[in-house]
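K.L.:
A predicted structure for the sequence below; I have some questions about it.
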Amino acid sequence: YFAMNVMNQVLGAGPSARLFNNLREDKGYTYGAYSRFSAGMLPGAWQASSEVRTDVTEGAMREFFNELRRIREEKVPAGELEEKKRTVVASFALSLESPATLLNYAIQRKDYNLPEDYWDTYPAKISAVTADDVQRVARKYLTLDNIQVVAVGDAVRIKPILEKYGKVAVYDVDGKLAQ
């Protein structure tokens, strides 16, 4: 969980993450690109998203996959890794100011049968994540051959682009498979 949290922070958890910097700052394809994951009692999903103009769909898809390959194949540089770990720890520290969040943490500790000191040791566990840990979880959970892409837009224009990444099913505005 800790390594996944840091990996997601590197890849897409905010405006200083790789997806945002690549798709917005570098390419100008979007106002934002983000990723998130859920970790509950059962395995959850990791997802990345962005809203782009139809005419940049191909470039945006290419850059999403470039970033997914990069996080899997290249170790995160030490400076970037330390920055992202500090971001996670700082966000956690700020969350402690909210009584509702504190209550939620207590409930999570009980629901997941976490140790009594779980939240006390959380910052240290995040800080202990290594570049190897980040790469390990990226390789395990961000499998490029098992990705589902959902795109909304002009099917005639974007379907040929999406077909480069796998089989495409087109649905109409009512959610029915188009013929």
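P.N.:
That came in fine, so what should we check first?

K.L.:
Skip ahead from the helix or strand bottoming out on mean pLDDT in the chain and say which helix or strand is next.
P.N.:
Lowest mean confidence among the helices and strands of the chain (mean pLDDT, DSSP states H and E): strand 43-50, at a mean of 91. Proceeding N to C from strand 43-50, the next assigned helix or strand is helix 57-73, under DSSP states H and E.

K.L.:
ok so, going back, how far does the least confident helix or strand of the chain sit from its chain's centre?
P.N.:
Taking CA atoms, centre = their mean, to the nearest Å, one finds strand 43-50 lying 6 Å from the centre of the chain it belongs to.

K.L.:
neighbouring strands for it, and are they parallel or not?
P.N.:
Within its sheet, strand 43-50 is paired with strand 33-39 (antiparallel), according to DSSP bridges.

K.L.:
Does the residue sitting nearest the centre point of the chain have any beta-bridge partners, and if so which?
P.N.:
Nearest residue to the geometric centre of the chain (CA atoms, centre = their mean): S35, 2.7 Å. On the basis of DSSP bridges, S35 is bridged to A48.

K.L.:
That one contacts L19, doesn't it?
P.N.:
Yes: here S35 lies in contact with L19, judged by CB atoms under 8 Å, at a distance of 6.1 Å. C-betas here are computed from N, CA, C, even on glycine.

K.L.:
could you give the mean pLDDT of stretch 68-75?
P.N.:
Here stretch 68-75 scores 98 as its mean pLDDT.

K.L.:
Around A3, how many other residues sit close by?
P.N.:
Applying other CB atoms under 10 Å, we find 21 residues neighbouring A3.

K.L.:
isn't it right up against V137?
P.N.:
Yes: counting by CB under 8 Å, A3 touches V137, with 4.5 Å between them.

K.L.:
N104 and E97, how far apart?
P.N.:
Per CB to CB, to the nearest Å, N104 is found 13 Å from E97.

K.L.:
between these two, which one's more packed in?
P.N.:
N104 (12 against 8).

K.L.:
a strand runs through that one, doesn't it?
P.N.:
No: N104 is assigned helix when assessed by DSSP: H, G, I helix; E, B strand; the rest coil, not a strand.
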